[in-house]
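S.K.: I would like the atomic coordinates for the input below:
(chains A and B)
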Protein chains: 2
Amino acid sequence: MDRRPIGVFDSGLGGLTAVRELARLMPEEDLVYFGDTGRVPYGGRSRDILIKYARQDTAFLRSFDPKAIVIACGTVSTTALDVLQRENDIPIFGVVEPAVRAAALASQNHRVGLIGTRASIRSGAYERLLARLHPGAEVTARACPLFVPLVENGRFLPGDIVAETVAAEYLAPIQAAGVDTLILGCTHYPLLKPVIGAYMGPGVTLIDVGAQCARWTAERLDRAGLRAGGTGTGRHRFYVSDSTEDFAALASVFLREDVGSEVEQIDITEYEGAARPAGAGQG
Amino acid sequence: MDRRPIGVFDSGLGGLTAVRELARLMPEEDLVYFGDTGRVPYGGRSRDILIKYARQDTAFLRSFDPKAIVIACGTVSTTALDVLQRENDIPIFGVVEPAVRAAALASQNHRVGLIGTRASIRSGAYERLLARLHPGAEVTARACPLFVPLVENGRFLPGDIVAETVAAEYLAPIQAAGVDTLILGCTHYPLLKPVIGAYMGPGVTLIDVGAQCARWTAERLDRAGLRAGGTGTGRHRFYVSDSTEDFAALASVFLREDVGSEVEQIDITEYEGAARPAGAGQG
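M.R.: Okay, here's the model as predicted:
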């Protein structure tokens, strides 16, 4: 039994798709979410900047003394997970391994598609793990740099000609490769599921990295005896690095929950992410 | 005669369209450019965050003791120009007034179109000034939040189906309004000129805010006796808040000049933008 909250962060709103699943699976847990809306999007930034931002995001969440941190961001998971795990003495979960395990299970024809941000695809993180867990699988990967701006601008519904045109362009080579499984390697992409699903057709299983990571987290916390227990309803707090107003309006779309009064703006650059050496006691 | 450099900043690469024009008009001037590539884009952020970022950008440029600063960014010009002018004792030029004056001169039928980022359009800055300088002009304004991501991803050439689809959607109501002049209210947009021009037709004059602002700056510096003089070739230095590699590759597209060894990465958050009261001596 551990009543400490679970910390979750993302570059912006995408991570809320993981929060929704975390709340569904573990309604009794307290959740603290940080969305770096003042610096979104992360997907086109360099490795060094991403590690810097990820350290700050983690340092902020650690100020709540969480029992675990979920990196609900494909870009940070592919680029900074090992750094954050090395520097922190609490479990840090990323989206890559849960998604790759789900894809390896789902694929029958050993052809897996992968879409993500430029930084995620450049990292090669999904492919490396898939090669280990599902040797012989053939991966067709594609960076989709316009998907996050589209989603953050509310352009993700079927019938949106721009979303459909962009999706068709990105997905054509993946469809041509005959994949039966497609990893949506960014927590923003589940909102594009109807558009992506319509293009790929019903024979292709779409793997939602945020949802997979939420399940993975619940399982790991269970096994480690770190669940809060009880039957209460956990408190959900949301923090952002830009205006709370813009966030609250869009958050409901991602979360299907009113974030209302539980949103606060903070200055993320104040959390310099001084690396806490693994093994050091918790503050 | 004043040999101090001219400072120029933008959220990312767009401001380079102004640098190109500044260098053409004043080849002898030293230029220091800052592109906030670690936090681009600015256009969807709140007023408070934009003012904070603009203060840091200005504080960084002031460390070079510039004789003037050009805000080569539509979003900051519409949102923080007055704040920066109040807090600094050197001339600060924005893109709004030069563009609006050019539009007022160009329009024959008093119908002016305006496109910009969400923050720029929300500010109402262009419309307010146009109403003063060209009373009776009818303005049709439209936020184009996907234009900056398109341009920063190199998606701006005619024949790019996504760029053309997005442009057609944004520009349809402006074309329907029968404008004869269109203000491209963001320094990223000149790269989309061929796409925008093809859609709007040859009867519509496109006003490039970066180029107009560069001309305005040259004129003002001339009048104030602040030009460097001589016939030498000024030095152009470039600073960014993310990797210099990614910047150098794209910069040549905007600038048509090799930025090569003159690019350096800095930590913009170290420049806290401590407001320098107007009238205080220069450091």
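
S.K.: could you list every helix and strand that the helix or strand hosting A:Ile49 packs against?
M.R.: Assigned by DSSP states H and E, A:Ile49 belongs to helix A:47-62. Packed against helix A:47-62 by the contact rule (3 or more C-beta pairs under 8 Å, 6 or more residues apart in numbering or on different chains; DSSP states H and E) you find strand A:6-10, strand A:31-35, strand A:68-71, helix A:74-87, helix A:118-123. Every C-beta, even on glycine, is put in place using the N, C-alpha and C of the backbone.

S.K.: could you rerun that using 10 Å?
M.R.: Identification of packing neighbours for helix A:47-62 by 3 or more C-beta pairs under 10 Å, 6 or more residues apart in numbering or on different chains; DSSP states H and E yields strand A:6-10, strand A:31-35, strand A:68-71, helix A:74-87, helix A:118-123, strand A:236-240.

S.K.: and these as JSON lines, adding mean pLDDT and distance to chain B?
M.R.: Shown next, in JSON lines, are the helices and strands packed on helix A:47-62 (pLDDT from 0 to 100; distance: least, C-beta to the nearest C-beta, whole Å):
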{"stretch": "strand A:6-10", "mean pLDDT": "98", "distance to chain B": "16"}
{"stretch": "strand A:31-35", "mean pLDDT": "97", "distance to chain B": "13"}
{"stretch": "strand A:68-71", "mean pLDDT": "98", "distance to chain B": "19"}
{"stretch": "helix A:74-87", "mean pLDDT": "97", "distance to chain B": "13"}
{"stretch": "helix A:118-123", "mean pLDDT": "96", "distance to chain B": "9"}
{"stretch": "strand A:236-240", "mean pLDDT": "95", "distance to chain B": "10"}
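
S.K.: in TSV: the ones you listed, plus distance to B:Gly7.
M.R.: Formatted as TSV, these follow (distance: least, C-beta to C-beta, whole Å):
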stretch	distance to B:Gly7
strand A:6-10	34
strand A:31-35	32
strand A:68-71	37
helix A:74-87	32
helix A:118-123	30
strand A:236-240	31
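
S.K.: these: which one's closest to B:Gly113?
M.R.: helix A:118-123 (32.7 Å; C-beta to C-beta).

S.K.: neighbours of A:Asp160, how many?
M.R.: Other residues near A:Asp160 come to 17 when the count uses other C-beta atoms under 10 Å in any protein chain shown.

S.K.: could you look up the SS state of A:Leu182?
M.R.: strand (DSSP: H, G, I helix; E, B strand; the rest coil).

S.K.: please enumerate the helices of chain A.
M.R.: Per DSSP state H, chain A carries helices over the ranges A:16-25, A:47-62, A:74-87, A:96-106, A:118-123, A:125-133, A:147-152, A:161-176, A:193-200, A:209-223, A:244-255.

S.K.: my guess is A:Leu157 meets A:Ala198, correct?
M.R.: No: when contacts are counted by C-beta atoms under 10 Å, A:Leu157 is not listed as touching A:Ala198 (11.1 Å).

S.K.: identify the contacts common to these two.
M.R.: Common contacts of A:Leu157 and A:Ala198 (C-beta atoms under 10 Å, 6 or more residues apart in numbering or on different chains): A:Glu164.

S.K.: hmm, back to that, buried stuff in the helix holding A:Ile49?
M.R.: Buried residues in helix A:47-62, counted by 16 or more other C-beta atoms under 10 Å in any protein chain shown: A:49-62.

S.K.: quick check: nearest residue in space to the residue of the stretch 51-200 of chain A found nearest chain B, chain neighbours excluded?
M.R.: The nearest approach of the stretch 51-200 of chain A to chain B comes at A:Pro149, 3.9 Å away (C-beta to the nearest C-beta). Excluding the flanking residues, the one nearest A:Pro149 by C-beta to C-beta, 6 or more residues apart in numbering or on different chains is B:Pro149, at 3.9 Å.

S.K.: so the one you found touches B:Leu13, yeah?
M.R.: No: between B:Pro149 and B:Leu13 there is no contact under C-beta under 10 Å: 12.0 Å.

S.K.: what touches both of these two?
M.R.: Contacts common to B:Pro149 and B:Leu13, judged by C-beta under 10 Å, 6+ apart, are B:40, B:188.

S.K.: domains for chain A, by residue range?
M.R.: Using automatic domain parsing, the domains assigned to chain A come out as A:6-94+A:211-270, A:96-210.

S.K.: reformat those as JSON lines; add distance to B:Ile6.
M.R.: As requested, these are arranged in JSON lines below (distance: least, C-beta to C-beta, whole Å):
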{"stretch": "domain A:6-94+A:211-270", "distance to B:Ile6": "27"}
{"stretch": "domain A:96-210", "distance to B:Ile6": "32"}
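
S.K.: show me the one of those that comes nearest B:Val263.
M.R.: Short answer: domain A:6-94+A:211-270, nearest of these by C-beta to C-beta, at 13.2 Å.

S.K.: what residues of stretch A:75-88 count as buried?
M.R.: Neighbour count says stretch A:75-88 has A:75-81, A:83-85, A:87-88 buried, by 16+ other C-beta under 10 Å.

S.K.: distance check, the residue nearest to A:Pro149 against B:Gly43.
M.R.: 9 Å (C-beta to C-beta, to the nearest Å).

S.K.: poorly predicted segments of chain A, please.
M.R.: A:260, A:273-283 (pLDDT under 70).

S.K.: columns distance to B:Ile161 on top of the helices of chain A, output as TSV?
M.R.: Output for the helices of chain A, formatted as TSV (distance: least, C-beta to C-beta, whole Å):
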stretch	distance to B:Ile161
helix A:16-25	29
helix A:47-62	31
helix A:74-87	26
helix A:96-106	30
helix A:118-123	20
helix A:125-133	28
helix A:147-152	15
helix A:161-176	6
helix A:193-200	15
helix A:209-223	28
helix A:244-255	27
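
S.K.: nearest to B:Gln265, of these?
M.R.: helix A:47-62 (8.4 Å).

S.K.: and that closest one with helix A:74-87, angle?
M.R.: Counting by axes from the mean of the first three to the mean of the last three C-alpha atoms, to 10 degrees, helix A:47-62 lies at 70 degrees to helix A:74-87.

S.K.: how far away from the center of its chain is helix A:47-62?
M.R.: Centroid separation for helix A:47-62 versus its chain: 15 Å, with C-alpha atoms, centre = their mean, to the nearest Å.

S.K.: same thing with stretch A:180-194?
M.R.: The answer for stretch A:180-194 is 11 Å, by C-alpha atoms, centre = their mean.

S.K.: quick check: residues of the stretch 101-250 of chain A near chain B?
M.R.: By C-beta under 10 Å from any C-beta of the partner chain, the residues of the stretch 101-250 of chain A that approach chain B are A:118, A:143, A:145-146, A:148-150, A:152-155, A:160-162, A:164-166, A:168-170, A:241-247.

S.K.: which residues touch the nearest residue to A:Ile268 once chain neighbours are set aside?
M.R.: Of all residues not flanking A:Ile268 in the chain, A:Ser241 sits nearest, at 4.4 Å (C-beta to C-beta, 6+ apart). By C-beta under 10 Å, 6+ apart, A:Ser241 lies in contact with A:11-12, A:34-40, A:53, A:56-57, A:60, A:247, A:265-269, B:45, B:49.

S.K.: next one: A:Leu130
M.R.: A:96, A:99-101, A:103-104, A:107, A:112, A:114, A:137-139, A:141, A:183.

S.K.: count of neighbours near the closest residue to A:His188 other than its chain neighbours?
M.R.: Closest residue to A:His188 apart from its sequence neighbours, by C-beta to C-beta, 6+ apart: A:Gly14 at 3.6 Å. For A:Gly14, the neighbour count with other C-beta under 10 Å is 30.
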